[in-house]
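1. What follows is a predicted protein model with its sequence.
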Amino acid sequence: MNDHTEPDQPATGKATNGNGMSRRQFMKGSGVAAAATALTQAPLLEASAAQPAAGEVPGMGPAAGRLTLNVNGQKMTTNIEPRVTLLDALRNYLDVTGCKRVCDRGSCGACTVMLDGKPVYSCSMLALEAQGKPIRTAESLVQGEKLDPVPAAFARYDAQQCGFCTPGFVVAMKAVFEQNAKPSPAEVERGLAGNICRCGTYEQMRDAIYALCNQKRRS
Amino acid sequence: MLWLAEPPLGHKLNKAKTHLWDDSMKDIDYTAPRTLAEAAALLNDKGDRARILAGGTDIIVQLREHRRDLDLLVDVKNIAEVNELTFDPARGLRIGAAVPCYRIYENKDIAKAYPGLIDAVSLVGGVQIQSRASVGGNLCNASPAADTTPMLIALEATCHIAGPQGPRQLPVETFCTAPGRTALERGELLVSIDLPAPKPHSGAHYLRFIPRNEMDIAVVGAGASVVLDDKKQKCLAARIGVGAVAPTPLLVPDAGAALVDGALSDALIDKAVQAARAAAKPISDMRGTAEYRKHLVGVLVKRAVQGAIHRAREK
């Protein structure tokens, strides 16, 4: 691969990419002169850090700009184009690969992450929209060797076949428990309705979740 | 050299960008104005080349599937007015255009006052979609099968619009003009959707039919709202909204009128059903034939009206 001069090439790992990228004048030829002037001077992040002066509209694009995301309690910075989705930013730019890319169209749930405590599809939002909000992925459910009870129950009850949908299910299930520590079967079903397992391991998932709910009920 | 007979890898990659399932989006600019005036100026300047980003659950997928071609996304979530969600029992409900569905159904006061609206916002996609998707976005996407629009129509919602010519208001049933098209003019944006305060002895109900329980597009949707008299035996006013049976979600005035014509009975509800079937002009597609939809709209209107009456009597 020797022709990688395009700015959309991911920065490797968690490092920030060096510069040398030309930032095309945002809104070139735009009648909104104030906005354009402000934007060529400052990418969104710097602009939004300080309250922009009147008449300045924070924005960026289409070239890459610096973006810092708060992922699993860690600040991660990279250079990213506005068009990059949160899923691609996490997987391809920040090496956080717990969220999986399956349908990439907001219908299968494999990319589920928690944003500000709410389960969302990371494939159908821009990475830019997630800045300043805590993001939690399946990785947050492992502390060293210790698994969170939700993935532990999924493992114990063999609630996966290929396992590709599992991180999404586990994060969605965790969100259900955070909403209500003792959820009703209807609440569990509703909380997992946006996730699909194409291997069809729903029976084992049901067993795992049933066991989890029983544990909670006893405690 | 021999390997030149094969196009270089870069060429293949570029070619792949025209594919439907290409994973990259076209280059776009992103901006996040903080006031309605800034947003309106940007939209006015860019016209069709700019579009609003609220929850993004429609627009991002459309861009990535190359079903829409844009230069600029205007993220309105930094604007205070479009994030407003206020309920006053005397004045009604204001739903900012970018308020995600979950904020509506997690508010206990709103859930109690507008159970029909809660039916609708709780069945948009799954929970992950409801964490992001807004009622305003659902309306502006202008799908004939939008889940929340028929209920907004039945609840007599008003759209508040800002733009270069100043603010204006529209009844929600006139907002969608064709599939994917709205009454918004160049530079205009939806600010909020206002619902009147619920009247005494009123009730509403929304139903949608899909083959799955969730995460699908409506085959037909129907919302009903009724206001009963003090004895709860007669209907004083009724509004019926239906979705996925015409190019836009429809208000069916004849169905509402049929219900206020005497003491409530099955025969009276059947008149409303006939009116809804007559107003429906569905198409046949992968989700169902036109005949099937015409039948289904009657079934759903009947159940939605019964549900609305039940709720009004329970109050």
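-> On my side now, so go ahead. Residues are numbered from 1 along each chain as shown, chains lettered A, B, ... in the order given.
2. for chain A, longest helix please?
-> Determined from DSSP state H, the single longest helix within chain A is helix A:202-218.
3. same check, this time on chain B
-> Chain B, longest helix under DSSP H: helix B:290-314.
4. helices or strands up against that helix?
-> Other helices and strands packing on helix B:290-314, by 3 or more Cβ pairs under 8 Å, 6 or more residues apart in numbering or on different chains; DSSP states H and E, are helix B:115-121, strand B:202-209, strand B:220-228, strand B:235-243, helix B:266-279. Every residue, glycine included, has its C-beta placed from N, CA and C.
5. what comes up buried for it?
-> Under the neighbour-count criterion of 16 or more other Cβ atoms under 10 Å in any protein chain shown, helix B:290-314 has B:293-294, B:296-305, B:307-309, B:311-312 buried.
6. Just the pLDDT for whatever residue of the stretch 101-250 of chain B ends up closest to chain A.
-> Nearest residue of the stretch 101-250 of chain B to chain A, counting by Cβ to the nearest Cβ: residue B:126, 2.4 Å away. What the model reports as pLDDT for residue B:126 is 94.
7. Pull the number of nearby residues for it.
-> 25 (other Cβ atoms under 10 Å in any protein chain shown).
8. Kindly report the same for the one 5 residues further on.
-> The number of residues packed near residue B:131 is 26, by other Cβ under 10 Å.
9. Give me the contacts around the longest helix of chain A.
-> A:149-150, A:153-154, A:156-160, A:169, A:173, A:177, A:181-183, A:188, A:192, A:197 (Cβ atoms under 8 Å, 6 or more residues apart in numbering or on different chains).
10. which residues does the residue of chain A found nearest chain B contact?
-> Chain B sits closest to residue A:194 of chain A, with a gap of 2.4 Å, by Cβ to the nearest Cβ. Taking Cβ under 8 Å, 6+ apart, we find residue A:194 in contact with A:107, A:109, A:112, A:119, A:121, A:172, B:125-129, B:214-215.
11. from these, which ones fall inside helices?
-> Going by DSSP H, the helices hold A:172, B:127, B:128, B:129 from these.
12. Please indicate which of these has the highest neighbour count?
-> For these, the largest neighbour count, defined by other Cβ under 10 Å, is 33 neighbours, found at residue B:128.
13. which residues does residue 118 contact?
-> With no chain named, the answer covers chain A. Applying Cβ under 8 Å, 6+ apart as the definition, the contact partners of residue A:118 turn out to be A:175, B:102, B:131.
14. Actually, chain B is the one I wanted.
-> Going by Cβ under 8 Å, 6+ apart, residue B:118 touches B:104, B:105, B:110, B:111.
15. Quick check: PyMOL command selecting the buried ones in those.
-> With 16+ other Cβ under 10 Å as the burial test, the buried ones among the contacts of residue B:118 are selected in PyMOL as follows:
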select buried, chain B and resi 104+105+110
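16. which ones among the contacts of residue B:118 are found in helices?
-> Judged by DSSP H, those include B:104, B:105, B:110, B:111 as members of helices.
17. May I ask you to confirm that the third one is in contact with residue B:93?
-> Yes. With the criterion set as Cβ atoms under 8 Å, residue B:110 and residue B:93 qualify as a contacting pair; they are 6.3 Å apart.
18. what touches both of those two?
-> Contacts common to residue B:110 and residue B:93, judged by Cβ under 8 Å, 6+ apart, are B:87, B:117.
19. need the helices for chain A, in chain order.
-> So, for chain A - with DSSP H - the helices run A:33-41, A:44-49, A:86-88, A:149-156, A:166-179, A:185-192, A:202-218.
20. What residues does the stretch 101-250 of chain B have near chain A?
-> B:102, B:125, B:126, B:127, B:128, B:129, B:131, B:132, B:213, B:214, B:215 (Cβ under 8 Å from any Cβ of the partner chain).
21. Farthest pair within the residues you listed?
-> Spatially, the most separated pair among those is B:132 and B:213, at 20.2 Å (Cβ to Cβ).
22. Those two: which is more packed in?
-> Under the criterion of other Cβ under 10 Å, the comparison of residue B:132 against residue B:213 puts residue B:132 first, with 26 against 11.
23. If we ignore the residues flanking it in sequence, what's nearest residue B:142?
-> residue B:176 (4.5 Å; Cβ to Cβ, 6 or more residues apart in numbering or on different chains).
24. Turn the contacts of residue A:118 into a markdown table, including distance to residue B:194 and pLDDT.
-> Below are the contacts of residue A:118 laid out as a markdown table (distance: Cβ to Cβ, whole Å; pLDDT from 0 to 100):
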| residue | distance to residue B:194 | pLDDT |
| --- | --- | --- |
| A:175 | 31 | 97 |
| B:102 | 20 | 98 |
| B:131 | 24 | 98 |
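25. which of those lies closest to residue B:236?
-> Each of these was checked against residue B:236 using Cβ to Cβ; the closest is residue B:102, at 33.3 Å.
26. Which secondary structure element is home to the closest one?
-> Element membership for residue B:102, per DSSP states H and E: helix B:101-105.
27. Export that helix to CSV, keeping only CA atoms.
-> What follows is the C-alpha trace of helix B:101-105 in CSV, where atoms were taken according to Å, rounded to 0.1, in the frame of the first residue of the first chain:
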residue,chain,number,x,y,z
CYS,B,101,-38.1,9.7,21.7
TYR,B,102,-36.8,8.4,25.1
ARG,B,103,-37.1,11.8,26.7
ILE,B,104,-40.8,11.8,25.9
TYR,B,105,-41.7,8.4,27.3
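28. From the contact counts, what lies against that helix?
-> Checking 3+ Cβ pairs under 8 Å, 6+ apart, helix B:101-105 ends up next to helix B:108-113, helix B:115-121, helix B:127-130.
29. After the shortest one, which helix or strand is next?
-> To tie it back to what came earlier, the one meant is helix B:127-130. helix B:135-141.
30. Which other helices and strands does that next one contact?
-> strand B:92-96, helix B:149-154, strand B:189-195.
31. and the shortest one, which strands flank it?
-> When you say that, I think you mean strand B:92-96. Sheet pairing for strand B:92-96, assigned by DSSP bridges, gives strand B:85-88 (antiparallel), strand B:189-195 (antiparallel).
32. circling back: so can I have CSV of the ones in helices among the contacts of residue A:194 showing distance to residue B:207?
-> Converted to CSV, the ones in helices among the contacts of residue A:194 look like this (distance: Cβ to Cβ, whole Å):
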residue, distance to residue B:207
A:172, 26
B:127, 20
B:128, 23
B:129, 19
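33. Is residue B:222 in contact with residue B:297, as I believe?
-> Yes. Applying Cβ under 8 Å, one finds residue B:222 in contact with residue B:297, separated by 6.4 Å.
34. Quick check: neighbours shared by these two?
-> In contact with both residue B:222 and residue B:297: B:242, B:276, using Cβ under 8 Å, 6+ apart.
35. just to revisit the earlier point, wait, which of the residues of the stretch 101-250 of chain B next to chain A is closest to residue B:51?
-> Nearest to residue B:51 among those, with distances taken as Cβ to Cβ, is residue B:132, at 16.2 Å.
36. Which residue comes closest to the closest one once chain neighbours are left out?
-> Residue B:132 sits nearest to residue B:55 (Cβ to Cβ, 6+ apart), 3.9 Å away.
37. The one you found: neighbouring residues, count only.
-> Residues contacting residue B:55 under the criterion other Cβ under 10 Å number 28.
38. list the contacts for the closest residue in space to residue A:70 that isn't next to it in sequence?
-> Excluding its sequence neighbours, the residue lying closest to residue A:70 (Cβ to Cβ, 6+ apart) is residue A:134, at 5.1 Å. Neighbouring residues of residue A:134 by Cβ under 8 Å, 6+ apart: A:70, A:73, A:114, A:115, A:116, A:117.
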